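A.B. asks: pasting a predicted model and its sequence here:
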Amino acid sequence: MTVSLTGDAGNAIERGAAVETPADSGRWVYTATAAVTTGMTVRIAVTATDRPGGIRTATQEKAV
């Protein structure tokens, strides 16, 4: 799984891989490392690709 964080104006904040924790649990964790300004709205996009090559993306916005 890949996680992308973008800011209010569509600017990229960071992007990276989520890690399945614990292994084979179906629970994926992404730990952000970039600081954002209080009051900013961050758009979180999570993209998953299955073995046959299907791709699905889910997004959500969160005010910090």
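C.D. replies: Everything's here; your move.
A.B. asks: what sits against the nearest residue to residue 17 once chain neighbours are set aside?
C.D. replies: Nearest non-adjacent residue to residue 17, counting by CB to CB, 6 or more residues apart in numbering: residue 2, 6.0 Å away. For the C-beta atoms, the positions are set from N, CA and C on the backbone; glycine is no exception. Counting by CB atoms under 8 Å, 6 or more residues apart in numbering, residue 2 touches 15-18, 46-47.
A.B. asks: now with 10 Å?
C.D. replies: Residue 2 makes contact with 15-18, 30, 45-49, 57, according to CB atoms under 10 Å, 6 or more residues apart in numbering.
A.B. asks: all helices of this protein, in order?
C.D. replies: Assigned by DSSP state H, the chain shows no helices.
A.B. asks: tell me which stretches of it form strands.
C.D. replies: Per DSSP state E, the chain carries strands over the ranges 2-6, 12-17, 19-20, 28-29, 41-49, 55-63.
A.B. asks: residue 35 is nearest to which of the ones you listed?
C.D. replies: Taking CB to CB, strand 12-17 is the member of the strands of the chain nearest to residue 35, at 9.2 Å.
A.B. asks: any buried residues in the closest one, and which?
C.D. replies: Buried residues in strand 12-17, counted by 16 or more other CB atoms under 10 Å: residue 13.
A.B. asks: sorry, back to before: of the contacts of residue 2 - the most surrounded one?
C.D. replies: Of all the contacts of residue 2, the highest neighbour tally under other CB atoms under 10 Å goes to residue 30, namely 18 neighbours.
A.B. asks: quick one: residues contacting that residue.
C.D. replies: Contacts of residue 30 by CB under 10 Å, 6+ apart are 1-5, 14-19, 44, 46.
A.B. asks: switch the cut-off to 6 Å
C.D. replies: Residues near residue 30 by CB atoms under 6 Å, 6 or more residues apart in numbering: 3, 18.
A.B. asks: any idea how far it lies from residue 53?
C.D. replies: With distances taken as CB to CB, to the nearest Å, residue 30 is found 22 Å from residue 53.
A.B. asks: can you add distance to residue 35 and give the strands of the chain back as TSV?
C.D. replies: Output for the strands of the chain, formatted as TSV (distance: least, CB to CB, whole Å):
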stretch	distance to residue 35
strand 2-6	11
strand 12-17	9
strand 19-20	21
strand 28-29	19
strand 41-49	11
strand 55-63	15
